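*Asks:* Sequence plus predicted model, see below.
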Amino acid sequence: MSVGVALGLILLSGLAHTAMAAPSGDSRVVGDVQIYMGILPAELVRGHPQGHTENSMHGGQPMARGQFHIVVALFDVRSGRRLTGADVSARVSEIGLAGSQKNLNPMEIAGTESYGNYFEMQGNGPFRISLTIRLRDRAQDIKVEFEEQHQ
(Lines give C-alpha, C1' and ligand atoms only; values in the text may rest on other atoms or scores of the structure.)
Protein backbone atom coordinates (compact mmCIF):
# COMPACT_ATOMS: atom_id res chain seq x y z
CA MET A 1 0.00 0.00 0.00
CA SER A 2 1.43 3.43 -0.86
CA VAL A 3 1.93 6.04 1.84
CA GLY A 4 -0.64 8.25 0.13
CA VAL A 5 -3.27 5.55 0.35
CA ALA A 6 -2.33 4.77 3.97
CA LEU A 7 -2.54 8.43 4.97
CA GLY A 8 -5.83 8.80 3.12
CA LEU A 9 -7.30 5.85 5.01
CA ILE A 10 -6.17 7.30 8.32
CA LEU A 11 -7.66 10.69 7.58
CA LEU A 12 -10.98 9.32 6.45
CA SER A 13 -11.51 6.64 9.06
CA GLY A 14 -10.52 8.27 12.36
CA LEU A 15 -8.88 5.03 13.48
CA ALA A 16 -8.70 4.09 17.15
CA HIS A 17 -5.27 3.80 18.74
CA THR A 18 -3.54 0.53 17.99
CA ALA A 19 0.05 -0.68 18.26
CA MET A 20 2.94 1.81 18.34
CA ALA A 21 4.11 0.85 14.84
CA ALA A 22 0.62 1.26 13.41
CA PRO A 23 -1.00 4.52 12.32
CA SER A 24 -3.36 6.17 14.77
CA GLY A 25 -5.78 9.04 14.48
CA ASP A 26 -8.78 10.85 15.79
CA SER A 27 -11.36 13.43 14.76
CA ARG A 28 -13.19 16.36 16.28
CA VAL A 29 -15.91 18.74 15.14
CA VAL A 30 -15.43 22.41 16.02
CA GLY A 31 -18.30 24.60 14.87
CA ASP A 32 -18.95 23.47 11.33
CA VAL A 33 -15.49 22.02 10.66
CA GLN A 34 -14.65 18.30 10.91
CA ILE A 35 -10.96 17.92 11.79
CA TYR A 36 -9.28 14.57 11.13
CA MET A 37 -5.81 14.03 12.58
CA GLY A 38 -3.62 11.01 11.80
CA ILE A 39 -0.24 10.04 13.23
CA LEU A 40 2.27 7.78 11.49
CA PRO A 41 5.68 6.70 12.78
CA ALA A 42 8.25 8.28 10.45
CA GLU A 43 9.62 4.79 9.75
CA LEU A 44 6.47 4.04 7.73
CA VAL A 45 7.18 6.96 5.40
CA ARG A 46 10.81 5.99 4.72
CA GLY A 47 12.12 3.80 1.92
CA HIS A 48 10.65 5.47 -1.15
CA PRO A 49 12.72 5.58 -4.34
CA GLN A 50 14.92 8.62 -4.91
CA GLY A 51 12.87 11.56 -6.23
CA HIS A 52 9.61 10.44 -4.56
CA THR A 53 7.74 13.43 -3.03
CA GLU A 54 7.62 11.91 0.47
CA ASN A 55 11.44 11.95 0.59
CA SER A 56 11.58 15.74 0.53
CA MET A 57 8.31 16.89 2.12
CA HIS A 58 8.60 19.00 5.28
CA GLY A 59 12.33 19.48 4.75
CA GLY A 60 13.11 15.77 4.43
CA GLN A 61 12.39 12.70 6.47
CA PRO A 62 13.85 12.63 9.97
CA MET A 63 16.12 9.64 10.54
CA ALA A 64 16.10 9.67 14.36
CA ARG A 65 13.87 7.28 16.28
CA GLY A 66 10.77 8.65 17.98
CA GLN A 67 9.76 10.83 15.03
CA PHE A 68 6.13 10.90 13.90
CA HIS A 69 4.31 12.41 10.92
CA ILE A 70 1.15 14.29 11.91
CA VAL A 71 -1.40 14.77 9.14
CA VAL A 72 -4.57 16.87 9.33
CA ALA A 73 -7.53 17.01 6.92
CA LEU A 74 -10.39 19.52 7.18
CA PHE A 75 -13.99 19.14 6.00
CA ASP A 76 -17.13 21.29 6.03
CA VAL A 77 -19.64 19.43 8.24
CA ARG A 78 -22.71 20.56 6.27
CA SER A 79 -21.52 19.81 2.75
CA GLY A 80 -18.81 17.22 3.37
CA ARG A 81 -16.54 19.33 1.13
CA ARG A 82 -12.80 19.28 1.90
CA LEU A 83 -11.55 22.65 3.14
CA THR A 84 -8.33 23.88 1.55
CA GLY A 85 -6.08 26.91 1.71
CA ALA A 86 -5.87 26.89 5.52
CA ASP A 87 -2.93 27.87 7.72
CA VAL A 88 -2.47 25.06 10.25
CA SER A 89 0.03 24.84 13.10
CA ALA A 90 0.54 22.24 15.80
CA ARG A 91 2.17 22.21 19.21
CA VAL A 92 3.17 18.74 20.37
CA SER A 93 4.18 18.24 23.98
CA GLU A 94 4.19 15.73 26.76
CA ILE A 95 1.51 16.66 29.26
CA GLY A 96 2.85 19.50 31.44
CA LEU A 97 5.81 20.39 29.17
CA ALA A 98 6.20 23.14 26.55
CA GLY A 99 6.96 20.89 23.55
CA SER A 100 7.57 22.17 20.04
CA GLN A 101 5.42 24.12 17.61
CA LYS A 102 5.56 23.88 13.82
CA ASN A 103 3.48 24.87 10.84
CA LEU A 104 1.78 21.97 9.11
CA ASN A 105 2.64 22.22 5.44
CA PRO A 106 0.02 21.78 2.73
CA MET A 107 0.51 18.44 0.97
CA GLU A 108 -1.35 16.62 -1.74
CA ILE A 109 -2.60 13.09 -0.99
CA ALA A 110 -4.63 11.32 -3.65
CA GLY A 111 -5.44 14.64 -5.34
CA THR A 112 -6.67 16.32 -2.14
CA GLU A 113 -5.05 18.83 0.19
CA SER A 114 -4.00 17.86 3.71
CA TYR A 115 -1.49 19.38 6.12
CA GLY A 116 1.44 17.72 7.83
CA ASN A 117 4.84 17.80 9.47
CA TYR A 118 7.20 15.66 11.54
CA PHE A 119 7.37 15.87 15.33
CA GLU A 120 9.46 14.14 17.97
CA MET A 121 7.41 12.05 20.39
CA GLN A 122 9.88 9.99 22.45
CA GLY A 123 8.45 7.46 24.89
CA ASN A 124 4.82 6.47 25.36
CA GLY A 125 3.37 9.84 26.34
CA PRO A 126 0.68 10.91 26.80
CA PHE A 127 1.24 13.71 24.31
CA ARG A 128 -0.96 16.74 23.80
CA ILE A 129 -1.38 17.88 20.19
CA SER A 130 -2.82 21.38 20.01
CA LEU A 131 -3.90 22.57 16.56
CA THR A 132 -4.55 26.14 15.47
CA ILE A 133 -6.38 26.41 12.16
CA ARG A 134 -6.94 29.64 10.24
CA LEU A 135 -9.42 29.43 7.40
CA ARG A 136 -9.57 32.26 4.85
CA ASP A 137 -13.29 32.91 5.32
CA ARG A 138 -13.29 32.90 9.15
CA ALA A 139 -12.65 35.79 11.50
CA GLN A 140 -11.48 33.55 14.35
CA ASP A 141 -8.95 30.74 14.45
CA ILE A 142 -10.13 27.24 15.31
CA LYS A 143 -8.31 25.72 18.26
CA VAL A 144 -8.57 22.04 19.14
CA GLU A 145 -6.58 19.53 21.18
CA PHE A 146 -5.96 15.83 20.74
CA GLU A 147 -4.19 13.42 23.05
CA GLU A 148 -1.91 10.61 21.85
CA GLN A 149 -0.71 7.68 23.91
CA HIS A 150 1.63 5.20 22.22
CA GLN A 151 0.76 1.58 22.99
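*Replies:* Right, received. Where do you want to start?

*Asks:* what's the pLDDT at residue 48?
*Replies:* Residue 48 carries a pLDDT value of 47.

*Asks:* can you give me the helices for this protein?
*Replies:* Remark: helices assigned in the chain by DSSP state H are 3-13.

*Asks:* Scan the helices and strands of it for the one with the lowest mean pLDDT.
*Replies:* helix 3-13 (a mean of 41; mean pLDDT, DSSP states H and E).

*Asks:* Contact partners for residue 132?
*Replies:* Applying CB atoms under 8 Å, 6 or more residues apart in numbering to residue 132 gives the contacts 88-90, 141-143. Glycine gets a C-beta too; all of them are placed from N, C-alpha and C.

*Asks:* So, low pLDDT: which residues of this protein?
*Replies:* Applying pLDDT under 70 to the chain flags the ranges 1-25, 44-64, 151.

*Asks:* Mind doing that once more with 90?
*Replies:* Along the chain, segments meeting pLDDT under 90 span 1-26, 40-69, 94-99, 108-111, 121-126, 137, 148-151.

*Asks:* Strands along that one, start to end?
*Replies:* For the chain, the strands defined by DSSP state E cover 24-30, 33-41, 67-76, 87-94, 100-109, 112-120, 127-134, 142-148.

*Asks:* Could you list the paired strands of the fifth one along with their orientation?
*Replies:* In this case it means strand 100-109. strand 87-94 (antiparallel), strand 112-120 (antiparallel) (DSSP bridges).
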